[in-house]
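> sequence and computational prediction follow.
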Amino acid sequence: MKEKIEAIRAAIGSEIGQTGSRKELFELKMRYLGKTGEISALSKGMRDLPPEERPEAGKLVGDVRKWAEELFASREEELKAKELSERVQKERIDVTMPARFSPAGAAHPVSLVRAELVDIFGGMGFDVYEGPEIERDYYNFQALNIPADHPARDMQDTFFVSGEYLLRSQTSSGQIRVMETKKPPIKVLSPGRVYRSDSDATHSPMFHQMEGLVVDKNITLCDLKGILDEFARRMFTAETKTRLRPSYFPFTEPSVEVDLSCHNCGGKGCRICKGTGWIEVLGAGMVNRRVLENCGIDPDVYTGFAFGIGLERIAMIKYGIGDIRLLFENDVRFLKQFRG
Ligand code: PHE
């Protein structure tokens, strides 16, 4: 019994110094002091001793248990201190390090223009409808009074996807989608991306438009002019005027091209308006009765107007941007100028 106890003392004494963590220490402790540990086995082994040897053996076992418990407790304190100092070391913050740089973002100018338009027209009672970018020929052309082989298709160099599908070349497709499902009174805006095979300083193969459509009884060109006047004043300056020039679109009749008096020179003529005092900003007109008929709306009862605004164009005019490509290069030096 004595030898056994000495062997256990020696083993614990050497093994305890090798424990590197409280978890290891706990495992070691269980091996000796746990319910099925070696010291507990000694206590159980007492039964096999002759009765006269039991008191002494019991004292020896009690001593070694007490000794071991104290040793484990003090090692536990040591390891606790060690683990804490390691953690402090690892999680230390060097307050002299340069701060992490997290540059602030900025809304893209086209997003700014879009939000402003939605705000302006939303305030006049327009709802927002967003249609698909991959569109059927029917919605982009046919229902808008542009049948196959119509020369007006050349006005918009279209990307065809396959069969009757194409990348919409104008948000006017939204007019049809709205009128197909909703009966007048209708007052919607339809903003979104459009695509045309065209690319230079003022044209991009992908750009954004915002369609406006109003259909109700007794809607006239004067209503269109009034709404556009309000848009011009709010988007640019209180003095901005609109001018309607005759134009042609298959889906409107009559059709107009809308100019705004130059917000930069007030109409006297400058670099921005190329000396004319006017800047062309959008196409519009009274909804062609054939388009209303195509959507099951009686043109003898209802009339309407539509307009299509190019968002990049408005952004370029408003912020004095000379090249449309700047809007798509995503150079942060350009974009961060629109912060705040
Ligand atoms: N869809 C036309 C274009 O992209 C603009 C337009 C919209 C004209 C609505 C009239 C009415 O050029």
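Everything's here; your move.

> can you give me the helices in the stretch 201-340 of the chain?
Assigned by DSSP state H, counting those that start in this stretch, the stretch 201-340 of the chain shows helices spanning 221-235, 289-294, 311-319, 326-329, 332-335.

> could you say which of those is packed most deeply?
Comparing these by mean neighbour count (mean count of other C-beta atoms under 10 Å), helix 311-319 ranks first with a mean of 21. C-beta: built from backbone N, CA, C; applies to glycine.

> contacting residues around it?
Residues from elsewhere that reach helix 311-319 (C-beta atoms under 8 Å, 6 or more residues apart in numbering): 109-110, 112-114, 117, 191, 202, 204, 207-210, 235-236, 260, 263, 272, 279, 281-282, 321-322, 324, 327, 338.

> of those residues, grab the buried ones for ChimeraX.
Per 16 or more other C-beta atoms under 10 Å, the buried members of these correspond to this ChimeraX selection:
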select :109,110,112,113,114,117,191,204,207,208,209,210,235,236,260,263,279,281,282,321,324,327
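
> what about the contacts of helix 311-319, which are in strands?
Within the contacts of helix 311-319, residues falling in strands by DSSP state E are 191, 207-210, 260, 279, 281-282.

> does stretch 149-159 reach the ligand?
No - Stretch 149-159 does not reach the ligand (C-beta under 6 Å from any ligand atom); its nearest approach is 6.7 Å.

> what's the distance between that stretch and the middle of its chain?
Put simply, stretch 149-159 sits 34 Å off its chain's centre (C-alpha atoms, centre = their mean, to the nearest Å).

> what's that stretch in contact with?
So stretch 149-159 is contacted by 140-141, 146, 166-167, 169-170, 195-198, 205, 248-250 (C-beta under 8 Å, 6+ apart).

> what is the rounded mean pLDDT of that stretch?
Stretch 149-159 shows an average pLDDT of 86 in the prediction.

> which parts of it count as buried, going by neighbours?
In stretch 149-159, counting by 16+ other C-beta under 10 Å, buried: 153, 156, 158.

> number of nearby residues for residue 185?
A count of nearby residues for residue 185, using other C-beta atoms under 10 Å, gives 13.

> now the closest residue to the ligand within the stretch 51-200 of the chain: closest residue in space that isn't a chain neighbour?
For the stretch 51-200 of the chain, the residue closest to the ligand is residue 170, as judged by C-beta to the nearest ligand atom, at 3.7 Å. Spatially, and ignoring its direct neighbours in sequence, residue 170 is nearest to residue 194 (5.6 Å; C-beta to C-beta, 6 or more residues apart in numbering).
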